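S.K.: what follows is a protein structure lacking sequence information:
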């Protein structure tokens, strides 16, 4: 496909535990789309880089030849203002967001882009925040009538939960599988809250069931509502395959393969009972509606082959879930072009001042009177 318009850029990286995976996704997307590329460093700085770079060029930080830019509320992405130069817009009007976890996927970056007037792919502020909050998300799913495992808040004062051990402990706010632990008792779970840096912002606890396996479906709603094939990711034993350890879908299973999620082992399409497959697809459609999917979202389920539970939603999935769209085949370049088109045609936000007509101000008493 031809290169993207010059005002389109892929953004990736960011101050997140998933920074490195984001680099892989961003380089894939920029290369496939033929767009400009903007790198967000671990320390929060921005650089425009050559999209032809490889992953190894980022191992030691900012690659050679990068040009520093800034994200400003006045002009969007602008040239660096070092010295006496006045920052000037660099001509980026739409960005493809490939930032996983942290402020790139929790609504922070989306808020900044909204205020800067830059259109973007992927979730809105509200959709991103909901997807990153594991407690709020499961509550929204239950309210929508979808099955979920019990999931409750965990802190150092938690004395009891309404389900049996073993337990799985997760960061309340976070993507991927970083910081997830399987424990045998509640005292160990409580101890994790005080010692794990990934649980500082909050933790949730739920029952660990060894009989459940993972299933994934991609969801997009532009140019029309569409679901991908169902995939079954393959797990390995924890700690690199130590015998006797519980099996979970870990960070290494997902990403340590050279291409991010695109190279992770999986059965695709998953071999499932037809009734279960239909139920999963119906549930994924509901999840997409509740989260108000923009771009491409991956919905993660747990199942024993008969019943299923909605587990999580990944609003900016690794490799943008390009590997799921096999029937009919959807080229990565087309997927990206559709995302750019949606970003421009389907706004991420709408501000309104309806009702702010001065009536309250005209009838207000003095500020001094209000403070008395």
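M.R.: Yes, it's here. Every value quoted in this text rests on a predicted model; they were computed, and no experiment measured them. Residues are numbered from 1 along each chain as shown.

S.K.: can you give me the pLDDT of residue 242?
M.R.: You'll see residue 242 listed with a pLDDT of 37.

S.K.: okay, now residue 191: neighbour count?
M.R.: Neighbour count for residue 191, taken as other CB atoms under 10 Å: 13. Every C-beta, even on glycine, is put in place using the N, C-alpha and C of the backbone.

S.K.: next up, identify which helix or strand it is on.
M.R.: Secondary structure from DSSP states H and E places residue 191 in helix 186-195.

S.K.: could you tell me the angle between the helix or strand just after that helix and helix 186-195?
M.R.: Per DSSP H and E, the first helix or strand lying C-terminal to helix 186-195 is strand 203-207. On the basis of axes from the mean of the first three to the mean of the last three CA atoms, to 10 degrees, strand 203-207 is oriented at 160 degrees to helix 186-195.

S.K.: packing partners for strand 203-207?
M.R.: strand 152-154, strand 167-171, helix 186-195 (3 or more CB pairs under 8 Å, 6 or more residues apart in numbering; DSSP states H and E).

S.K.: now do the last one: which elements does it pack against?
M.R.: The elements that helix 186-195 packs onto, with contact taken as 3+ CB pairs under 8 Å, 6+ apart, are strand 152-154, strand 167-171, strand 181-183, strand 203-207.

S.K.: in JSON lines, list these along with mean neighbour count, distance to residue 80 and mean pLDDT.
M.R.: Below are the helices and strands packed on helix 186-195 laid out as JSON lines (neighbours: other CB atoms under 10 Å; distance: least, CB to CB, whole Å; pLDDT from 0 to 100):
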{"stretch": "strand 152-154", "mean neighbour count": "16", "distance to residue 80": "43", "mean pLDDT": "97"}
{"stretch": "strand 167-171", "mean neighbour count": "22", "distance to residue 80": "34", "mean pLDDT": "96"}
{"stretch": "strand 181-183", "mean neighbour count": "19", "distance to residue 80": "42", "mean pLDDT": "95"}
{"stretch": "strand 203-207", "mean neighbour count": "22", "distance to residue 80": "39", "mean pLDDT": "97"}
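
S.K.: turn the ones you listed into CSV, columns for distance to residue 104.
M.R.: Output for the helices and strands packed on helix 186-195, formatted as CSV (distance: least, CB to CB, whole Å):
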stretch, distance to residue 104
strand 152-154, 25
strand 167-171, 16
strand 181-183, 24
strand 203-207, 22
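
S.K.: which of these sits closest to residue 54?
M.R.: strand 167-171 (30.6 Å; CB to CB).

S.K.: off-centre distance for that closest one?
M.R.: 19 Å (CA atoms, centre = their mean, to the nearest Å).

S.K.: returning to what we had before: for the helix holding residue 191, the averaged confidence score.
M.R.: 94.

S.K.: what are the buried residues along stretch 116-129?
M.R.: 116, 118, 119, 120, 121, 122, 123, 124, 125, 127, 128, 129 (16 or more other CB atoms under 10 Å).

S.K.: so how far is residue 221 from the fourth one?
M.R.: Right, residue 120. Per CB to CB, to the nearest Å, residue 120 is found 16 Å from residue 221.

S.K.: quick check: longest helix of the chain.
M.R.: Longest helix in the chain, counting residues (DSSP state H): helix 274-291.

S.K.: contact partners for residue 200?
M.R.: Residue 200 makes no contacts at all, as judged by CB atoms under 8 Å, 6 or more residues apart in numbering.

S.K.: helices of the stretch 101-250 of the chain, residue ranges please.
M.R.: 108-116, 125-132, 134-143, 186-195, 238-241 (DSSP state H, counting those that start in this stretch).

S.K.: tell me which of these sits nearest to residue 267.
M.R.: Here helix 238-241 is closest among the helices of the stretch 101-250 of the chain (CB to CB), at 19.0 Å.

S.K.: what is the mean pLDDT for stretch 222-238?
M.R.: 88.

S.K.: same check on stretch 109-117?
M.R.: Per-residue scores along stretch 109-117 average to 97.

S.K.: and that stretch, how far out from the chain middle?
M.R.: Taking mean C-alpha positions (CA atoms, centre = their mean), stretch 109-117 and its chain are 16 Å apart.

S.K.: for that stretch, buried residues please.
M.R.: So, applying 16+ other CB under 10 Å, buried residues of stretch 109-117: 109, 110, 111, 112, 113, 114, 116.

S.K.: may I have the distance across stretch 170-187, first residue to last?
M.R.: 15 Å (CA to CA, to the nearest Å).
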